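[1] Starting from these lines, generate the structure:
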Amino acid sequence: MTEQSPSLSAAVTATLAPGSELHLWLKALDAGRPARVTLTLDGRPAGEAVADNAQEFTFRTLKAEAGGAAVIAYDPAVTALSAAYAFQPDKVMEEGIAPLFHGPLNPPPAHLPLYHFVPPFGWMNDPNGFGRFGGRPHLFYQHYPHSLRWNTMHWGHAVSEDFLRWRHLPIFLFPNDALSKTADGLGGAFSGSAIPTAEGGIRVFFTEQVKDREPEEQNQWSAVSTDGVTAGPAELVVPARPEGLNLTLDFRDPYVIKGPDGRFKMLLGSRDREGGIVLLYETDDVEGATGWRYVGLLHRENRFGMTAAECPCILPLGAPEDPKTRWALIFALLTSRCPDTGRRNLTIATVGRFDGARFTPEFEQELDFGTDAYAFQGFRDGDETVMIAWLANWTDVSKKIDFHSAMTLPRKLVLDGDALLSPPLDTAESLRQAPLDAAALHRPEGMALGSGAAEILLTLPEAGAAFRLDIDHPELTLGVEQTADGLAILYGVPGEKPSPRYLARQAAASEIRIFLDCGSIEVFADGGRWSGTKRLKSFAPATAARLAEGSEALSAEAFALSL
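    Residues are numbered from 1 along each chain as shown. As a prediction, the model looks like this:
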């Protein structure tokens, strides 16, 4: 906790186990006086952190070898503290970090706990390095610790047993030393992916962005973690864009996967004068560490007014080594706009054949009709293909407002004939707590939603049957409906311009599964044949839900949800 006294001294107090490590960030408020934080344990001096930088927070570590009653003290007239957490290095994978402090500019959402993943503090966007390592799912993510606005990029990190209940781990990747000196948002450790090493560690790949660096603002780096927690030194693996393609400076988001020919492949998002493109690289190195060479242009997308292809990934929809397996190529269409609905930043999955050098499309499908599931990343987890996305959309982001966000529920990606299904993982049922009074959905007062975290299941008498579910929210207009036009999430903010139509055109569903959480709604119809995600501008909880008169729901179930 944090204490503030009239003498302008401040302290963070905690009880620390022996051998604990503290990570904290401090900034000088006066360029002439250094920022200073002192650590005492059971009243005895145990360490000090000092930083001269008055432009950006400086990362420091302290050791609490003896453990005990800890006091982290500083003078708020001289020193600003952004964040602090503690952990035991030998137990952090099992126990996670213990957040001790966040400042007024980087708090987590007030309505916690959510069952969607959120960072312990600060800004978050794209999922990175999503995979299973050492038997556990790991999630890395784009992160700026010091405010709720995008800035110099770090990689946050969490680990889970079931893709739902995450333990926060220490920040994994930091911007280079030059970028860390200012808060100018000139770059940092941009998005990427991860593969296991032969020794049981994790090799990550990421784009380093340095604005105005010549000749390349963006190039690709790799680092290895032997313990799954701490990253070793990064090395440059793809230094420059391929020649002769007339590419813009967009050259980012390496996604690495073992191809059907046994070689590691790297997908990179880029852009030329015609639109977005996905580039393919490969290496003969069995560790994926060196020898990356350009293979060719894997895919092009120049519709919808898009610019760069972002966060590409290619996912096997069966055993990767089976030549009959079809693959889903997924990437975010940055700045794209659906002319029919006004939705922005679309994500289309293209299904086809991939032989390791060429991708042959067979059909395509929009992956999320709500479009607030951005930068999907996935991997083959045993017999399932699993993915997750950032639960937000860049059209909502402003340099002038704070912005909380979350990750979507983890989803499966399943090929069903010539359709892709993307339902939540089966473990989502473990969130169910007490049943709610679903019969009240037919009454005027509606069904009370308690904490606002709920799952509602509707079965309709036939495919395409009409219904409308109205959801009471203190700050928003919210609902789900199916009409002759298709399946839609109804969303509006009173006093603001009308929202796009979050519509799955021509959807004709018979089973609807709705997940409500503070700050989000996710809709899965007919086993995920149509999936829609909407970030809610407010994290206040929804209070009740009711079916409108004339709705053709045959049956309904509902559950309160909690981690």
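[2] for stretch 215-229, how far is the first residue from the last?
    From its first residue to its last, stretch 215-229 covers 33 Å (Cα to Cα, to the nearest Å).
[3] Flag every buried residue along stretch 266-277.
    M266, L267, L268, G269, S270, R271, D272, G275, G276, I277 (16 or more other Cβ atoms under 10 Å). C-beta here means a position set from N, CA and C on the backbone, and glycine is covered the same way.
[4] tell me the mean pLDDT for that stretch?
    Here the mean pLDDT over stretch 266-277 is 96, rounded to a whole number.
[5] go on, stretch 16-23?
    Looking at stretch 16-23 alone, the average pLDDT works out to 97.
[6] Stretch 142-160 too?
    98.
[7] Off-centre distance for it?
    The chain centroid and the centroid of stretch 142-160 are separated by 10 Å, computed with Cα atoms, centre = their mean, to the nearest Å.
[8] Just the element for P137, please.
    Applying DSSP states H and E as the criterion places P137 in strand 136-144.
[9] Can you pull the domain assignment for this protein?
    The chain resolves into domains spanning 2-87, 104-421, 426-561 when parsed by automatic domain parsing.
[10] which of these has the lowest average pLDDT?
    Looking at the domains of the chain, the lowest mean pLDDT belongs to domain 2-87 (a mean of 91).
[11] Skipping its backbone neighbours, what lies nearest S562 in space?
    With sequence-adjacent residues excluded and distances taken as Cβ to Cβ, 6 or more residues apart in numbering, S562 is closest to Q433, at 5.1 Å.
[12] Give the burial count for that neighbour, as a bare number.
    Counted by other Cβ atoms under 10 Å, the residues lying close to Q433 total 16.
[13] in what helix or strand does it lie?
    strand 432-435.
[14] Just after that strand, pick out the following helix or strand.
    strand 447-448.
[15] that older thread, taking the buried residues of stretch 266-277, tell me the two that lie furthest apart.
    Set against one another by Cβ to Cβ, those have their most distant pair in M266 and G275, with a gap of 20.8 Å.
[16] Burial check on L469, number of neighbours?
    Counted with other Cβ under 10 Å, the neighbours of L469 add up to 25.
[17] Pull the contacting residues for it.
    L469 sits next to L441, I456, L458, G479, V480, E481, I514, A545, R546, L547, A548, S551 when contact means Cβ atoms under 8 Å, 6 or more residues apart in numbering.
[18] Direction included, what does the host helix or strand of the fifth one pair against?
    Spelled out, that is V480. Using DSSP H and E, the secondary-structure element containing V480 is strand 477-483. Strands flanking strand 477-483 in the sheet, each with its direction: strand 467-472 (antiparallel), strand 486-492 (antiparallel) (DSSP bridges).
[19] for those strands, which one sits closest to P145?
    Distances from P145 to each of the strands paired with strand 477-483 were compared using Cβ to Cβ; the minimum, 30.1 Å, belongs to strand 486-492.
[20] next structured bit after the closest one?
    Following the chain from strand 486-492 toward its C-terminal end, the next helix or strand by DSSP H and E is strand 502-505.
[21] who does that following strand pair up with?
    Paired with strand 502-505 in the same sheet, following DSSP bridges, are strand 486-492 (antiparallel).
[22] if we can go back for a sec, relative to E94, which of the domains of the chain is closest?
    Evaluated over those, closeness to E94 peaks at domain 104-421, with 7.9 Å, by Cβ to Cβ.
[23] follow-up on the earlier one: mark which of the contacts of L469 are buried, thanks.
    Neighbour counting with 16+ other Cβ under 10 Å marks L441, I456, L458, G479, V480, E481, I514, A545, R546, L547, S551 as buried within the contacts of L469.
[24] Return the set of residues that bridge with the fifth one.
    Here V480 sits in beta bridges with L469, I489, as judged by DSSP bridges.
[25] That one is in contact with F515, isn't it?
    No - judged on Cβ atoms under 8 Å, V480 makes no contact with F515 at a distance of 11.0 Å.
[26] What's the local residue count around D75?
    Around D75 there are 16 residues (other Cβ under 10 Å).
[27] try P99
    By the measure other Cβ under 10 Å, the count of residues near P99 is 16.
[28] Likewise for the one 4 residues further on?
    For G103, the count of nearby residues is 20 (other Cβ under 10 Å).
[29] Next: the one 10 residues further on.
    Neighbour count for P113, taken as other Cβ under 10 Å: 15.
[30] Contacts only, for the nearest residue to it once chain neighbours are set aside.
    On the basis of Cβ to Cβ, 6+ apart, the spatially nearest residue to P113 that is not a chain neighbour turns out to be L563, at 5.6 Å. Counting by Cβ under 8 Å, 6+ apart, L563 touches P113, Y115, L164, R165, L431.
[31] again with A558
    The contact partners of A558, taken as Cβ under 8 Å, 6+ apart, are P435, L436, D437, A438, L441, M447, A454, E455, I456, L457, A545.
[32] how does it look with 6 Å?
    A558 sits next to L436, A438, I456 when contact means Cβ atoms under 6 Å, 6 or more residues apart in numbering.
[33] how about those in a markdown table, adding distance to L315?
    Output for the contacts of A558, formatted as a markdown table (distance: Cβ to Cβ, whole Å):
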| residue | distance to L315 |
| --- | --- |
| L436 | 35 |
| A438 | 35 |
| I456 | 29 |
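[34] quick check, nearest of the residues you listed to R136?
    Relative to R136, the closest of those is I456; by Cβ to Cβ it sits at 31.1 Å.
[35] tell me what the helix or strand hosting that closest one is packed against?
    Assessed by DSSP H and E, I456 sits inside strand 454-459. Based on contacts counted as 3 or more Cβ pairs under 6 Å, 6 or more residues apart in numbering; DSSP states H and E, the elements that strand 454-459 packs against are strand 511-517, strand 555-561.
[36] and for it, what are the contacting residues?
    Applying Cβ under 6 Å, 6+ apart, the external contacts of strand 454-459 come out as 511-516, 553-561.
[37] Could you write out the alpha-carbon coordinates of stretch 258-269 in PDB?
    Taking C-alpha atoms only, stretch 258-269 is exported to PDB below (Å, rounded to 0.1, in the frame of the first residue of the first chain):
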ATOM      1  CA  LYS A 258       7.800 -24.600 -38.200                       C
ATOM      2  CA  GLY A 259       6.500 -25.200 -41.700                       C
ATOM      3  CA  PRO A 260       5.200 -28.400 -43.200                       C
ATOM      4  CA  ASP A 261       8.700 -29.000 -44.700                       C
ATOM      5  CA  GLY A 262      10.300 -29.000 -41.200                       C
ATOM      6  CA  ARG A 263      12.000 -25.600 -41.700                       C
ATOM      7  CA  PHE A 264      11.200 -22.600 -39.500                       C
ATOM      8  CA  LYS A 265       9.300 -19.900 -41.400                       C
ATOM      9  CA  MET A 266       8.900 -16.200 -40.500                       C
ATOM     10  CA  LEU A 267       6.000 -14.100 -41.700                       C
ATOM     11  CA  LEU A 268       6.400 -10.300 -41.700                       C
ATOM     12  CA  GLY A 269       3.800  -7.600 -42.400                       C
END
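[38] Residues touching that stretch, excluding its own?
    Here stretch 258-269 makes contact (Cβ under 6 Å, 6+ apart) with 252-257, 278-279, 281-283, 288, 308-310, 312, 320, 356.
[39] Buried ones only from those, please, as a ChimeraX command.
    Selection of the buried residues among the contacts of stretch 258-269 in ChimeraX, burial being defined by 16+ other Cβ under 10 Å:
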select :252,253,254,255,256,257,278,279,281,282,283,288,308,309,310,312,320
